[in-house]
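Chemist: what's the 3D shape of this:
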Amino acid sequence: MRPSTVVIADDSMVVRGLFARWLGESGRFHVVGVAGDGEAAIEHAGRHHPDLMVLDLDMPVLDGVEALPRIVKQSPRTAVLLTTTLTERNAKLALQCMSMGAVDVLPKPDSRSGLTLSLGFRSELLGKLGSIAQTRLRHGDVSGEAGHGASPPSGIVDLRPLVSAMPRYLVIGASTGGPRAVARVLSDLGDAAANLVALVVQHMPPLFTASFAEQISAQLGLPAREPHDGERLARGTIYVAPGGRHLGIERKLGHIVASISDSPPVHFCRPAVDVLFNEAARHLGPAALGLIMTGMGSDGTEGATALRRAGAAVIAQDEPSSTVWGMPGSVVRARQASAVLPLGNIGPAIRALVGGSHPI
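Modeler: Got it, this is the predicted structure:
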């Protein structure tokens, strides 16, 4: 398998050198260009049409936000991974970029730890790029998440034969490529979203998840937020797991409430999809509908198994429309997916299922 071509765009010469060395040492990537500002990044995109670009948000001349639309236009097949320092401002900008076609964001370590000392950052950078590249080589294009702009295939999938009771809770797990995919599904629900409690575990660091919830709320006109521990869950509201903390549910005094915990990571993830899915299986059973979406790794497979055993249905996003078919692919291989659907079909299918009025 040929190495994936990469352009590195970062205003720090030290960072450019480190990234180039790490990618070269891995043997899986070939760095074809480096850029110190947004204009140079655009030029390299047009000249090399790389498989991947690592794009810093904070750069001179043109920053990542301004450069990204032109990069996508110059080289629409290039998958763009954002890097940025962890601030509330950058979280909002990164989510804006992901809505414009970037596939994921990787926060840089703070200046006290330093990139040179961060083996975890190196591993995560190589892991994300490797997963994205693998999908790209299989399908030829992951830029902007394949299928995101396409209309849903003709005909709406009937989910009624797959459920034993009318779902009232939609539990969603996603990782790489997830923000845009999750927003697409929630948008496609239309007014049927008012009939559901939606809980989302999106693998993201702190600050990013709060901004993600704000973005969803502004886009859909529905309340979306990070819940507090013990908050009673309300229909028509979207709850996003806070970055770095687990989101689960429990039953208190006859009500379903959010459970927020700092318990250890599960499969290296916190928040973890498995935590949400397992607790949904325990407390909701067939009243839950599971949705596992694009993302690397296998988080959610154990929880999907628990949901199925509890009588709930689980939908997995299909491979061609996923940025990375790790999490949904793992569920499918474990034979725990009730249905495997392209992104454009998921929202309409759920909308058709729960479109009526169902009291919580």
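
Chemist: what stretches of the protein score poorly on pLDDT?
Modeler: For the chain, applying pLDDT under 70 flags the ranges 111-117, 138-154, 356-360.

Chemist: show me where it has strands.
Modeler: Using DSSP state E, the strands of the chain run over 4-9, 29-35, 52-56, 79-84, 104-107, 169-174, 197-202, 224-225, 238-240, 246-252, 255-261, 288-292, 313-317, 339-341.

Chemist: excluding sequence neighbours, find me the nearest residue to Gly326.
Modeler: The shortest distance from Gly326 to any non-neighbouring residue, by Cβ to Cβ, 6 or more residues apart in numbering, is to Met296 (4.1 Å). Glycine gets a C-beta too; all of them are placed from N, C-alpha and C.

Chemist: just give me the neighbour total for that neighbour.
Modeler: 24 (other Cβ atoms under 10 Å).

Chemist: Glu88 too?
Modeler: Using other Cβ under 10 Å, Glu88 is surrounded by 12 other residues.

Chemist: quick one: contacts for the residue nearest to it when sequence neighbours are not counted?
Modeler: Distances taken as Cβ to Cβ, 6+ apart put Leu207 closest to Glu88, at 5.2 Å, once the chain neighbours are dropped. Applying Cβ atoms under 8 Å, 6 or more residues apart in numbering to Leu207 gives the contacts 86-88, 91, 243.

Chemist: please apply the same query to Gly33.
Modeler: 7-8, 44, 47-48, 50.

Chemist: at 10 Å instead, please
Modeler: Shown in contact with Gly33 (Cβ atoms under 10 Å, 6 or more residues apart in numbering): 5-9, 20, 40-41, 43-45, 47-48, 50, 53.

Chemist: do the same with Glu302
Modeler: Counting by Cβ under 10 Å, 6+ apart, Glu302 touches 266-267, 272-275, 277-278, 330-331, 334, 336.

Chemist: and those residues, which of them are in helices?
Modeler: Applying DSSP state H to those, the entries found in helices are 273-275, 277-278, 330-331.

Chemist: phi, psi for the residue nearest to Glu88 please.
Modeler: Per-residue torsions, Leu207: phi 80, psi -40 (degrees, to the nearest 10).

Chemist: any idea how far Val171 is from it?
Modeler: 23 Å (Cβ to Cβ, to the nearest Å).

Chemist: filter the contacts of Glu302 to the buried ones?
Modeler: Among those, those buried by neighbour count (16 or more other Cβ atoms under 10 Å) are 266, 272-275, 277-278, 330-331, 336.

Chemist: can you map out the helices along this structure?
Modeler: 13-26, 38-48, 64-74, 88-99, 119-139, 178-189, 208-220, 273-283, 301-309, 327-333, 343-354.

Chemist: how about the ones you listed in JSON lines, adding distance to Ser259?
Modeler: Below are the helices of the chain laid out as JSON lines (distance: least, Cβ to Cβ, whole Å):
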{"stretch": "helix 13-26", "distance to Ser259": "38"}
{"stretch": "helix 38-48", "distance to Ser259": "43"}
{"stretch": "helix 64-74", "distance to Ser259": "36"}
{"stretch": "helix 88-99", "distance to Ser259": "24"}
{"stretch": "helix 119-139", "distance to Ser259": "27"}
{"stretch": "helix 178-189", "distance to Ser259": "21"}
{"stretch": "helix 208-220", "distance to Ser259": "16"}
{"stretch": "helix 273-283", "distance to Ser259": "7"}
{"stretch": "helix 301-309", "distance to Ser259": "14"}
{"stretch": "helix 327-333", "distance to Ser259": "22"}
{"stretch": "helix 343-354", "distance to Ser259": "24"}
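
Chemist: now do the contacts for Ile238.
Modeler: Contacts here follow Cβ under 10 Å, 6+ apart; on that basis Ile238 touches 170, 172, 182, 186, 189, 193, 196-200, 213, 216-217, 220, 222-225, 227.

Chemist: cool, and Ala181?
Modeler: Ala181 makes contact with 98, 145, 147-148, 172, 174, 202, 291, 293-295, 317, 321-323, 343, 346 under the criterion Cβ under 10 Å, 6+ apart.

Chemist: residues near the nearest residue to Gly311 once chain neighbours are set aside, how many?
Modeler: Distances taken as Cβ to Cβ, 6+ apart put Pro286 closest to Gly311, at 3.8 Å, once the chain neighbours are dropped. The number of residues packed near Pro286 is 17, by other Cβ under 10 Å.

Chemist: Leu220 now?
Modeler: If we define neighbours as other Cβ under 10 Å, then Leu220 has 16 of them.

Chemist: can you pull the contacts of it?
Modeler: Taking Cβ under 10 Å, 6+ apart as the definition, contacts of Leu220 comprise 183, 186-187, 189-190, 193, 238.

Chemist: any chance of those residues in JSON lines, plus distance to Asp104?
Modeler: Listed next are these as JSON lines, based on distance: Cβ to Cβ, whole Å:
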{"residue": "Ala183", "distance to Asp104": "14"}
{"residue": "Leu186", "distance to Asp104": "19"}
{"residue": "Ser187", "distance to Asp104": "20"}
{"residue": "Leu189", "distance to Asp104": "24"}
{"residue": "Gly190", "distance to Asp104": "27"}
{"residue": "Ala193", "distance to Asp104": "25"}
{"residue": "Ile238", "distance to Asp104": "21"}
